[in-house]
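**Q** mind looking at a prediction? Sequence and model below.
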Amino acid sequence: MRTGTSSSFDSLYAEVQQFYADHMHLLDAGDGEGWARTFTEDGSFAPPSLPEPVVGRAALAEGVDKAAAALAEAGEVHRHLLGMVSVRPGEDGSLSVRSYAQIIATARGGSPRLHLMCVCDDVLVRVDGELKVRERRVTRDDRRP
Amino acid sequence: MRTGTSSSFDSLYAEVQQFYADHMHLLDAGDGEGWARTFTEDGSFAPPSLPEPVVGRAALAEGVDKAAAALAEAGEVHRHLLGMVSVRPGEDGSLSVRSYAQIIATARGGSPRLHLMCVCDDVLVRVDGELKVRERRVTRDDRRP
Amino acid sequence: MRTGTSSSFDSLYAEVQQFYADHMHLLDAGDGEGWARTFTEDGSFAPPSLPEPVVGRAALAEGVDKAAAALAEAGEVHRHLLGMVSVRPGEDGSLSVRSYAQIIATARGGSPRLHLMCVCDDVLVRVDGELKVRERRVTRDDRRP
């Protein structure tokens, strides 16, 4: 059986990749508000560094703004790169997406280093035709049990 | 002349990317049997670390299971990320795919490190509608002549 | 509103990814002439390491050939990996493409290392049906102001 190869899957796969590219460009540019708008209004993000998920656009934006200020203070740039993106369309129209996330840090005048290696599990939904993250769970490889 | 841009190429390209994502998730999860099923029954894998290719699903699965046990023992996680994936459809319906493979290793509590940088040359074929690896040759950048 | 999801965007996105894969394989193989042909005849490349952009295929090819000779002399292999590729079709048919570029260096017998982390801003145009780079600007994360 051939799965995931209808023309709609192709469209979806390209759209998901474009979505993540823009999503990460916003994040790494420190544009908290722009980044938060790529989540649903009640979108949640469970990062590995916090005990509770961050919920809602205001809290999501604030987290990015604070991180961006800390990075600017430290003279460091972070880049988030997703790879090996696997897209599973659900019956309710949502998409379960698993990917690997490399976070690369570069200090001004320094060499880039692989800061964190993570697995990113997202649920994407379509709101007014646009993909949004409804839920994100990230696990760090260095903290696997 | 425009090549590789028919709608069938687009479908193919998305399908190949999805295939590799799932393929590497199985590998890195240590699911030897699941991973071996993404090869043809007589699929062969010529890794840089062995003098002879590994041939057939039983041997392929065994190799992954052993590697996964060794990694678990060492408290380390490996991730295989393919990038710069170039797909060449052949006249017989097979696909020649060249990609770059980063292997990233993370020890429990440690920093991730780029373990190996390789070039991966695959021949993919379709079996009952699904893509399978018929042949894989991997070369390591640190061992180039 | 749904943007960037027409079937032509899907085709374009796959084509751009395939284009970059081949483009970087030529570069990393040290094929200066082949690589230069993936630029327009008057294509320009503003690398971070030079005060002026390199313009035209002869100069572009020469730059690669020299770099390849230096790498061979040093016994080192470089790989260029683009990720998080965002494609913006312009009204004039050109494509503005922003991506992250990892440059990975591996010495013979050594461990791979992340040499540079960059942002790559390209303008791609179609010449006789094939994508070509008309303009490239690359910025290094370690030299951000």
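**A** Cool, the structure landed.

**Q** got a list of contacts for stretch A:85-103?
**A** A:4, A:9, A:12-13, A:16-17, A:20, A:78-84, A:114-126, A:131, A:134, A:138, B:17-18, B:21-22, B:24-25, B:79, B:81, B:104, B:112 (CB atoms under 8 Å, 6 or more residues apart in numbering or on different chains). Placement of C-beta: from N, CA and C, glycine included.

**Q** give me that answer again for 7 Å
**A** The set of residues that contact stretch A:85-103 without belonging to it, under CB atoms under 7 Å, 6 or more residues apart in numbering or on different chains, is A:12-13, A:16-17, A:20, A:78, A:80-84, A:114-126, A:138, B:18, B:21-22, B:25, B:79, B:81.

**Q** now do the longest helix seen in chain A: distance to the chain's middle.
**A** Longest helix in chain A by number of residues (criterion: DSSP state H): helix A:7-28. Here helix A:7-28 shows a centroid-to-chain-centroid distance of 11 Å under the convention CA atoms, centre = their mean, to the nearest Å.

**Q** strand partners of the helix or strand hosting A:Q102, parallel vs antiparallel please.
**A** Under the criterion of DSSP states H and E, A:Q102 resides in strand A:95-107. Partner strands and pairing direction for strand A:95-107 (DSSP bridges) are strand A:76-89 (antiparallel), strand A:113-127 (antiparallel).

**Q** mean pLDDT and mean neighbour count added to these, as JSON lines?
**A** Listed next are those as JSON lines, based on pLDDT from 0 to 100; neighbours: other CB atoms under 10 Å in any protein chain shown:
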{"stretch": "strand A:76-89", "mean pLDDT": "98", "mean neighbour count": "20"}
{"stretch": "strand A:113-127", "mean pLDDT": "98", "mean neighbour count": "19"}
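
**Q** just send these back as CSV, with distance to C:A59 too.
**A** As requested, those are exported to CSV (distance: least, CB to CB, whole Å):
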stretch, distance to C:A59
strand A:76-89, 29
strand A:113-127, 33
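
**Q** then A:T40 would be within a helix, right?
**A** No: under the criterion used here (DSSP: H, G, I helix; E, B strand; the rest coil), A:T40 is strand, not part of a helix.

**Q** which ones are touching it?
**A** For A:T40, the contact set (CB under 7 Å, 6+ apart) comprises A:125, A:127, A:132, A:134.

**Q** now A:R134
**A** By CB under 7 Å, 6+ apart, the contact set of A:R134 is A:40, A:43, A:123-125.

**Q** okay, and the helix or strand of chain A with the least pLDDT?
**A** Least confident element among the helices and strands of chain A, by mean pLDDT, DSSP states H and E: helix A:7-28 (a mean of 94).

**Q** got the angle between that helix and strand C:95-107?
**A** Here the directions of helix A:7-28 and strand C:95-107 differ by 70 degrees (axes from the mean of the first three to the mean of the last three CA atoms, to 10 degrees).

**Q** give the other helices and strands that helix A:7-28 contacts.
**A** Contacting helix A:7-28 under the criterion 3 or more CB pairs under 7 Å, 6 or more residues apart in numbering or on different chains; DSSP states H and E are the following elements: helix A:32-36, strand A:76-89, strand A:130-140, helix B:7-28, helix C:7-28, strand C:76-89.

**Q** sorry, back to before: can you put the contacts of A:R134 in CSV and add distance to B:L60?
**A** Listed next are the contacts of A:R134 as CSV, based on distance: CB to CB, whole Å:
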residue, distance to B:L60
A:T40, 41
A:G43, 40
A:V123, 32
A:L124, 33
A:V125, 37
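
**Q** just those residues now: which is nearest A:L71?
**A** Within the contacts of A:R134, distances to A:L71 taken as CB to CB reach their minimum at A:G43, with 22.4 Å.

**Q** report how many residues lie close to that closest one.
**A** 25 (other CB atoms under 10 Å in any protein chain shown).

**Q** ok, back up a step: I'd like the helices and strands packed on helix A:7-28 laid out as a markdown table, including distance to A:V54.
**A** A markdown table is the format used below for these (distance: least, CB to CB, whole Å):
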| stretch | distance to A:V54 |
| --- | --- |
| helix A:32-36 | 10 |
| strand A:76-89 | 16 |
| strand A:130-140 | 9 |
| helix B:7-28 | 26 |
| helix C:7-28 | 30 |
| strand C:76-89 | 22 |
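
**Q** figure out which of those is closest to C:R144.
**A** Per CB to CB, nearest to C:R144 of the helices and strands packed on helix A:7-28: strand A:76-89, 5.8 Å.

**Q** any idea of the angle that closest one forms with strand C:130-140?
**A** 140 degrees.

**Q** report how many residues lie close to whatever residue of chain A ends up closest to chain C.
**A** Relative to chain C, the nearest point of chain A is A:G129 (3.3 Å; CB to the nearest CB). Counted with other CB under 10 Å, the neighbours of A:G129 add up to 9.

**Q** next, count neighbours for the residue nearest to A:P53 when sequence neighbours are not counted.
**A** Closest residue to A:P53 in three dimensions, ignoring its sequence neighbours and counting by CB to CB, 6 or more residues apart in numbering or on different chains: A:A46, at 4.0 Å. Around A:A46 there are 16 other residues, counting by other CB under 10 Å.
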